[in-house]
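**Q** sequence and predicted structure, then a few things I'm wondering about:
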Amino acid sequence: VSTNTTPACSDVSDWMTITAHAIPDAEFEASPWVTTIAKPFFNFINQSSSKDGSAMTYLWNLGPGPDPSRPEDRKVTDPNPTNIEYAGDTAQKQIWLYATSEFGCIDSISHPIRIDPDITVFIPNAFRPGSKVTDCLDNDPNCNRVFKVVANGHLSIEIFVYNRWGQMVWKSTSASESWDGTVLNKGVELCPQEVYVYQVNATSFSGKQYRYSGSITLLR
């Protein structure tokens, strides 16, 4: 008796090494983030990184330039574009950065920049230093407890507050400072509840002078 047998089939494959490259992390900052129509220029600071240390190339989409006859988006490959000009109109513009590693891995990031009017000034008409209110707009910790002028697009600013007898009770040259309702913010002599007069002098980036005056009520 004969028996036919079929040998089992087998094979051995070669070993292969696969390398996985890291995706870059695209990031940037703008200087400034917000400007005015008097100075519509921006610098972009590249903060991209790569975990594996690979070399990277960049592509920016900066949007249209100031020339209305060329409405197409500007695309540049400089790592840090500087002195980039935009049209002198109020707008918010979206800026894109694409970072590509030497191995072809890509990441992108987008941030808005904003161009405001030449100058904006908001002056409240009342405040209460001892207010217990906590649910204020934008989670403002001062919550209308101080008199604060909100200004944007200014090169310089002067703020004066006078009582009914024309005596100056507070002054400042910074929109980041506020009046707490004491004489010259020294916290020693409380100004009484009454109506005070303010004078605000501001200079825009274009050199234009603005003057605002009115009344502010201090409540206690």
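**A** Sure, I can see it. Just so it is clear, the model here is predicted, and its values are computed rather than measured.
**Q** grab the most central residue of the protein for me.
**A** Central residue check for the chain by Cα atoms, centre = their mean: the C-alpha nearest the mean position is that of Trp33, 4.0 Å away.
**Q** wait, doesn't that one sit right on Ile115?
**A** No - counting by Cβ atoms under 8 Å, Trp33 stays clear of Ile115, with 10.7 Å between them. C-beta here means a position set from N, CA and C on the backbone, and glycine is covered the same way.
**Q** how would you label Ser215: helix, strand or coil?
**A** strand (DSSP: H, G, I helix; E, B strand; the rest coil).
**Q** so what's it up against?
**A** Asn125, Val195, Tyr196, Val197, Tyr198 (Cβ atoms under 8 Å, 6 or more residues apart in numbering).
**Q** do you know how far it is from Val183?
**A** 18 Å (Cβ to Cβ, to the nearest Å).
**Q** then Ile216?
**A** From Ile216 to Val183 the distance is 15 Å (Cβ to Cβ).
**Q** repeat for Ala126
**A** Taking Cβ to Cβ, one finds Ala126 at 19 Å from Val183.
**Q** so what's Ser108 bridging to?
**A** Tyr98 (DSSP bridges).
**Q** swap that for Thr120, please
**A** Bridge pairing for Thr120 - DSSP bridges - gives Asn152.
**Q** so it sits against Gly153, correct?
**A** Yes - Thr120 is within contact range of Gly153, at 6.0 Å (criterion: Cβ under 8 Å).
**Q** the more surrounded of those two?
**A** Between Thr120 and Gly153, Gly153 has the larger neighbour count (other Cβ atoms under 10 Å), namely 21 against 14.
**Q** tally of neighbours for the nearest residue to the more buried one once chain neighbours are set aside?
**A** Spatial nearest neighbour of Gly153, chain neighbours left out: Thr36 (3.7 Å); criterion: Cβ to Cβ, 6 or more residues apart in numbering. Thr36 has 23 neighbouring residues, counting by other Cβ under 10 Å.
**Q** repeat that for Asn46.
**A** Asn46 has 18 neighbours, counted by other Cβ under 10 Å.
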